[in-house]
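Student: Can you look at this prediction? I've put the sequence above it.
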Amino acid sequence: MALKTLRWVFVLLAALCIADGPASAQQLPKMVHAGLRTLYLAPVFIGIDRGIFKANGVEVTYQELESGALSPAALLSGQAHVTSDEILGIAPLAKQGKEFMMVYNLMDRMTMNLVVRNDALAKAGYDPKAPVTERAKALKGLTIGITRPGAPTDTYSRYFMIMGGLDPTRDATLMQIGGGGALNAAFRSGRIDAFMLSPPFPQEAERDGVGKIIINNTAGEVPELTGMSYIVLFTTKEFAEKNKPALRSYVHSIQDSLKWIGQNREEALKLLGANWFKNSKPETLALSFDALLPSLSTTGEFTPASFKKFLDVYKTIGEPVDIDLTEGRLWTNEFVKR
């Protein structure tokens, strides 16, 4: 009887241990990050692969979006809890009663590089050693591809034309092409002469001898476009208020992931190539990774100066932006603090 009782005790203990495992795992709050499959989300991808989110007390999964314009809708529909976009992707919606909260300043510089076809540069008499304002004059008379009107590809193309003393409405043609793949194809076929995108497409075009990066924003070549709030991580204001511990764990995991990436470059590249960018050539991925990494903020803090630089871009192109950037309205540094 004693032996039989002892066996039942072991069976009961084993059952309790088995039951306790899933229960513990289920206790972790779950969050979905929705966004483009782009390299600036490396800290999210690495955080998932390395278990950094779970280690900090939150379970995060990734949902791919086909367009950055879908980011706010993904949150409002409940499809996701956090996503990324530029400020103007969400700020105008606040006036419609759709309140969001920016919780992490992900990219603190504008990273789209301006690439121009070699044949167009030859006709323009391009001088690579000239100041940025002189190099931008090479855009005169060109057809510049953009993703859509009002998108950053459009905004910053006009910004550099104005820097070069050109009139965006008269001195060049801005043509809507579509996403990165479409812009790349149109550029290589000669349908467009120039475009702006973050790595890797500009680097690949230069590597393949099709074009030349004439303004390297990824490298922080233009001081006015560094130290700014370019791409931010945000959620809904309601989610931020009701899920502070989970959101704090998420943000701290982004910080920890970036720290790990900085200390483990080779392993990070292997994970990104194997799990997230399988169609990218290893050398192109490495080139883009090294170019983009310095633009990812390790603190995620917002500052008055970072907002001012962002708004100054729109003033330059003649589109002043009316946004209430009082802390607590559209943004907070509450979650980046440790």
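Tutor: Okay, I see it.
Student: before we move on, which element is Asp154 in?
Tutor: For Asp154, the host element (DSSP states H and E) is helix 152-163.
Student: by contact count, what packs against that helix?
Tutor: For helix 152-163, the helices and strands in contact under the criterion 3 or more C-beta pairs under 8 Å, 6 or more residues apart in numbering; DSSP states H and E are strand 113-117, helix 132-135, strand 143-146, strand 173-176, strand 194-197, helix 304-316. (C-beta placed from N, C-alpha, C; glycine too.)
Student: so Thr61 sits right up against Leu28, yeah?
Tutor: No. In this structure, Thr61 is not within contact of Leu28 by C-beta atoms under 8 Å, at 11.7 Å.
Student: Between these two, tell me which one has more neighbours.
Tutor: Under the criterion of other C-beta atoms under 10 Å, the comparison of Thr61 against Leu28 puts Leu28 first, with 16 against 12.
Student: Not counting sequence-adjacent ones, nearest residue to the more buried one?
Tutor: Leaving aside its chain neighbours, Leu28 sits nearest to Glu59 (4.5 Å; criterion: C-beta to C-beta, 6 or more residues apart in numbering).
Student: got a list of contacts for the helix holding Asp154?
Tutor: Taking contacts as C-beta atoms under 8 Å, 6 or more residues apart in numbering, the residues outside helix 152-163 that touch it are 86, 110, 112, 114, 132-133, 136, 139, 144-148, 167-168, 171-172, 174, 183, 194-197, 215, 217, 313-314, 316-317, 319.
Student: what about it, average pLDDT?
Tutor: Computed over helix 152-163, the mean pLDDT rounds to 96.
Student: and if you look at stretch 88-96?
Tutor: If you average the pLDDT over stretch 88-96, you get 81.
Student: same deal with stretch 305-321?
Tutor: For stretch 305-321, the per-residue pLDDT averages 92.
Student: roughly how far is that stretch from the heart of the chain?
Tutor: For stretch 305-321, the distance between its averaged C-alpha position and the chain's averaged C-alpha position is 19 Å (C-alpha atoms, centre = their mean, to the nearest Å).
Student: just the strands in the protein please.
Tutor: When secondary structure is read from DSSP state E, the chain shows strands at 30-35, 59-64, 82-85, 100-109, 113-117, 143-146, 173-176, 194-197, 211-215, 226-236.
Student: closest one to Thr298 among those strands?
Tutor: Taking C-beta to C-beta as the criterion, Thr298 comes closest to strand 100-109 out of the strands of the chain, the separation being 9.6 Å.
Student: now the closest one: how far from the chain's centre is it?
Tutor: Centroid separation between strand 100-109 and its chain, computed with C-alpha atoms, centre = their mean, is 9 Å.
Student: So which elements touch that strand?
Tutor: Packed on strand 100-109, when contacts are counted by 3+ C-beta pairs under 8 Å, 6+ apart, are strand 226-236, helix 237-242, helix 244-263.
Student: Mind listing residues that contact the longest one?
Tutor: The contact list for helix 244-263 (C-beta under 8 Å, 6+ apart) reads 29, 31, 42-44, 46-47, 50, 52-53, 55-58, 60, 82, 103-104, 106, 233, 235, 239-240, 268, 293, 296, 298-300, 334-336, 338.
Student: if you set the cut-off to 7 Å instead, what comes out?
Tutor: By C-beta atoms under 7 Å, 6 or more residues apart in numbering, the list of residues contacting helix 244-263 from outside reads 29, 31, 42-43, 46-47, 50, 52-53, 56-58, 60, 82, 103-104, 235, 240, 268, 296, 298, 300, 335-336, 338.
Student: quick one: pLDDT of the residue nearest in space to the middle of the chain?
Tutor: Central residue check for the chain by C-alpha atoms, centre = their mean: the C-alpha nearest the mean position is that of Tyr40, 4.4 Å away. For Tyr40, the pLDDT comes out at 92.
Student: Please tell me how far the residue nearest to Leu28 sits from Tyr126.
Tutor: To Tyr126, Glu59 is 51 Å away according to C-beta to C-beta, to the nearest Å.
Student: That concludes my questions; thank you for your assistance.
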